[in-house]
Every structure is written in C-alpha cells, then in structure tokens.
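> quick one: sequence and predicted model below, then my questions.
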Amino acid sequence: MGPIIQFIKNNHNLYVEELQSLLRIPSISTLQENNEDMKHCATFVADKLKQAGMNRVEIFPTEGHPLVYGEWLGAPGKPTVLIYGHYDVQPIDPIELWDSPPFEPTIKGDNIFARGATDDKGQMYIHIKSVEAFFKVKGSLPLNVKFLIEGEEEIGSEHLGGFIEQHKDLLKCDAVLISDTSLYEAGIPTITYGLRGLAYMEIEVTGPNKDLHSGSFGGAVANPINVLAEIIAKLHDKNGRITIPNFYDDVLPLTKEEKKNFELLNFSDKNLAKELGVKELTGEAKFSTLERLWVRPTLDCNGIIGGFTGKGAKTVIASQASAKISMRLVPHQDPKKIAKIFTKYIKSIAPKSVKVKISDLHGAYPSISPLTGKALKAAAVAMEKAFDKKIVFMREGGSIPVVATFQRMLKTPTVLMGFGLNSENLHSPNEHFSLTHFQLGIQSSAYFFEEFSK
Ligand code: BES
Ligand code: MN
Ligand code: MN
C-alpha cells in the first residue's frame, strides 16, 4: 500500500483544487431555481467518476433530481462494495452570517469553508480520489466498486427507494460504504453504527376567516397563535418526556454493554455547553446527553409562523398560524406509525374553536447495525491505519434515510465511515471541512479497498 498512500499524499493540493470546483456548484436540492445547478452537479460527479477509472457511468433521471451511478467490475471473484453519497446541499440562509460566500470555497488554516464542504461533497469526493489513486498507481482496483451518488438526500431521498427497488441487480453488492457522518472527535477514527430516523410534520391552525382587530375581537374568538403555542407546549411533560400516547412503544432500550461503551467515551457536557454558548444542557430527565442524542427519540419545533412579524407594532388577531415539527426517531420506531399517532393526538387536544390541518412532510427510518462482519472490520482496520489511533464506535442523532432502505431492500451490511465533525456547521452558516480529515479520509478509503478485498 506504500506507493498508493504516497501518491495520495503527493496529490493533496490537486484534490483540494478539484473539491473547490465541486463546491462552487450551488446544488441546493430544495430550491426550484437551482434545478439546472443540480443537473450540472450530477454531470460534474459523473465526469469525475469516468476520469477516476469507472468504466460504466450513467446519470439516471428521476421524478426529482438525477442519480449518478458508476461501476468498475474488473475483479471477478472479489467482493463488491457500493459507495453511497449525496451531491445535494442545504440552503444557505441566513446569508448575512457567512464570513465568506457559501459557493466561493475559501481555505482558512486547515479548513475549507463552503456549503456542502463536509455534508457531503467533501466526504463523498474522498472515495472518487482513492479509486483514482489505485488506477493511477496500480492500473486496477483490488475489488469491485459501484457508486450511487444522489441529489435528494437533504429533502428526504424521496425517489431513491423506488430506484433501489427497481435496480436490485444493478446495485447488488457485499457491503455499502457511506461517508456522511462525523468523527467522535478530531483525529479519532470513528465508525457510526446507529442513526436516528425522522418524522417531519406541519401543523396549520385556522381560526377566524380573516385577520381581526385585536381590540374589537380579542376575547371573543380563539387566537390561532395562542392555540398553536398551547398545543406545542402540551407535547412534552415536565420531565421532558413526549406526551403522545404510545410514542415510546417501539423504542429499543439501550443494552448494558452499549451503556458502558458510552461511558468510556468520556463525553463532556460542560464542553458542549460552552461550544454552543448555553449555561447548561437539558432534555429528557434521567438520561445522559449521549443517550438523549443517540438512543432517545425527541420532538422539536423547527419553525413557527403566524400574525404580524414585521417591525413595530400592529394590533391583530391572525386568521392562521403554523408550525413545522420534527421528531427524531430511534430503532425500532416507524415514521409512518409515529405520523399517525401524532396526528391523532394533536386532533384530540385541539379546541373546537379552531380548525387544525396536519401534514406529513417526510420521514426516515432509523437504523442500527451489529458491530460484526467483514466490512465493518475492514473499515475499522483501514481507519486505524490512516489515523494511527484506535477506532471508536458511536451512534448519531442525525438521519440518513437510505441506510434503512439499503438494509431492508439489499439485505447488505452498511458501514458508516464518516470524516466530518459535528462542529463543522453542517446545515448552518460557515460550513467547513478539515483538509487533514479529507486527506486521511482518502487514505482510509484506499486501505478499506485493500482490507475488504482480502
Ligand atoms: N449527513 C447528514 C446526517 C448527519 C448529520 C450525519 C449529523 C452525522 C451528523 C445528512 O445529510 C442529513 O442532514 N440528513 C437529514 C435527513 C433528513 C432531511 C431526512 C437530517 O438528519 O436532518
Ligand atoms: Mn449528509
Ligand atoms: Mn445534511
């Protein structure tokens, strides 16, 4: 492996330049106005796969954004790994809080700043470069490789499930490898073995048939904003437990062994509180912070609108108010079932004085993988070699919808070998990615191919 690792080290600057070109494309999946950029980005990724040595590359259109597929199957008798990643990114607002423009990648110290730097363009690109290094140095790969890079992860991977269902043979593999998660800490090789799922809902409360003078009518009708606030407040009890009946029915309890492993991670509440600028952390009573983040479901209001929000004062009772509510789910909760009991409960607590409409915007299944298997071991050894430290296993509070889909439809183990950091501002202003982790990621990926081919 010496010459390949050396080659990867020697080409670091070139890799960073290429990543900058990828980061310049504003591939925001949720905004219609960026649809052309999405196509452009898919083409860019496809071209890079071809240049890296994949001998079949195809862009598959979907009802939404295109999927990029690539394969090299020149190692008969050897295992096949499917690498998944996403080229879409989150919106950039609030733009005024960025120190450099989100689509003009800027290097400061060890970090590259741009929307998508760590989530997921920088991490996804790692594998394209490690494949290329093998072809340039050895002329071939030690195993078969497939790529599936999608453009709808940040909006719930709506069309990916159908594609996987219809292309089971094309995607057939011995393991799925994903780099779209974080290291436990900078410089610590980490494998994530559990992800939370998601049920994302919207509540719309309608009161009077028009906005009203709050003096002439205040006291006579229900105020939709007041009612909505009351509903939201009722969703937790004083211990931070979610009050929806049957909500916790399917929650997989933490094993004693996992609990011990979490304790060994020596997580510091104090440091996180400091990093986030809060006096103390809080959440469901009787659970540690890591438990609350990784193995307990949560319910959060993500946004709320209604009434007069402009400058100054206007006396008004609004006709409507609405809120976006997300529930992070854990194994073995089912987002469809959760959406149903959420809807039923909200309807049951809403007063007759208003109309309530509830919509299920999207969902994702949670996932958990056993800490066994060839692919997981190969990934652990690979990361340990690149980082020269002992591997750490963790779970994650965020979601990657396709992981459960892969496990259900392809029945293959999925390994989450991520290189980001949760402090790299994913989804928020000044997103960045450590160039050290980018380099160690490419090395880890190369070591993985070698280890998994054995
Ligand atoms: N890469 C993230 C998931 C993630 C977040 C991993 C934090 C590790 C740490 C992914 O792109 C993401 O943001 N997923 C969405 C999924 C949703 C839109 C269905 C999420 O978790 O909100
Ligand atoms: Mn991601
Ligand atoms: Mn994301």
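That came through, no problem. Treat the numbers as computed from the prediction; the structure is a model and nothing was measured. Ligands and ions are numbered 1, 2, ... in the order given.
> got the contact list for Asp37?
The contact partners of Asp37, by CB atoms under 8 Å, 6 or more residues apart in numbering, come to 25-28. The C-beta positions use only the backbone N, C-alpha and C, and glycine is treated the same way.
> how near is it to Tyr447?
Distance of Asp37 to Tyr447, computed by CB to CB, to the nearest Å: 34 Å.
> now Gln320, nearest residue through space, not along the chain?
Spatial nearest neighbour of Gln320, chain neighbours left out: Thr206 (5.1 Å); criterion: CB to CB, 6 or more residues apart in numbering.
> wait, I meant Ala404
Tyr365 (3.5 Å).
> how many neighbours does that neighbour have?
Tyr365: 23 surrounding residues under other CB atoms under 10 Å.
> residues in contact with it?
By CB under 8 Å, 6+ apart, the contact list for Tyr365 reads 197, 329, 334-335, 401, 404-405, 408.
> tell me what the helix or strand hosting Leu228 is packed against?
Using DSSP states H and E, Leu228 maps to helix 224-233. Applying 3 or more CB pairs under 8 Å, 6 or more residues apart in numbering; DSSP states H and E, we find helix 224-233 packed against strand 197-206, strand 298-306, strand 320-329.
> run through who's touching the helix or strand just after it.
Sequence order places helix 256-264 as the next helix or strand after helix 224-233, per DSSP H and E. Helix 256-264 is contacted by residues 254, 288, 290-291, 294-295, 393 when judged by CB under 8 Å, 6+ apart.
> just stretch 284-298 next, same as before
So stretch 284-298 is contacted by 194, 196, 239-242, 247-248, 251-252, 254, 258-259, 262, 265, 267, 269, 272, 281, 283, 327-330, 333, 394-397 (CB under 8 Å, 6+ apart).
> buried residues in that stretch?
Under the neighbour-count criterion of 16 or more other CB atoms under 10 Å, stretch 284-298 has 284, 288-298 buried.
> can you list which of the residues you listed are found in helices?
289-294 (DSSP state H).
> now these in TSV, with distance to Ser353 and pLDDT?
Converted to TSV, these look like this (distance: CB to CB, whole Å; pLDDT from 0 to 100):
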residue	distance to Ser353	pLDDT
Thr289	40	98
Leu290	43	98
Glu291	40	98
Arg292	36	98
Leu293	38	98
Trp294	40	98
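> mind putting the residues you listed into JSON lines with distance to ligand 2?
What follows is those, written out as JSON lines (distance: CB to the ion, whole Å):
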{"residue": "Thr289", "distance to ligand 2": "22"}
{"residue": "Leu290", "distance to ligand 2": "21"}
{"residue": "Glu291", "distance to ligand 2": "23"}
{"residue": "Arg292", "distance to ligand 2": "22"}
{"residue": "Leu293", "distance to ligand 2": "17"}
{"residue": "Trp294", "distance to ligand 2": "17"}
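> now, which of those residues sits nearest Leu170?
Trp294 (33.4 Å; CB to CB).
> returning to that earlier point: so which of the helices and strands packed on helix 224-233 is nearest Ala233?
Among the helices and strands packed on helix 224-233, strand 298-306 sits nearest to Ala233 (CB to CB), with 10.0 Å.
> run the angle between the closest one and strand 320-329 for me.
For strand 298-306 against strand 320-329, the angle by axes from the mean of the first three to the mean of the last three CA atoms, to 10 degrees is 160 degrees.
> all strands for the stretch 1-150 of the chain, in order.
Per DSSP state E, counting those that start in this stretch, the stretch 1-150 of the chain carries strands over the ranges 56-60, 67-72, 80-86, 106-108, 111-113, 144-150.
> which among those strands is found nearest to ligand 1?
When the strands of the stretch 1-150 of the chain are compared by CB to the nearest ligand atom, strand 80-86 sits nearest ligand 1, at 6.4 Å.
> now Ser179, nearest residue through space, not along the chain?
Gln123 (4.1 Å).
> which of the ones in helices among the buried residues of stretch 284-298 lies closest to Pro94?
Looking across those and measuring by CB to CB, the closest to Pro94 is Leu293, at 25.1 Å.
> that older thread, can you pull the pLDDT of the residue nearest to Gln320?
Predicted confidence (pLDDT) at Thr206: the value is 98.
> for it, which residues are in contact?
Contacts for Thr206 (CB under 8 Å, 6+ apart) come out as 224, 319-320, 354-357.
> hmm, try it at 7 Å
Counting by CB atoms under 7 Å, 6 or more residues apart in numbering, Thr206 touches 224, 319-320, 354-355.
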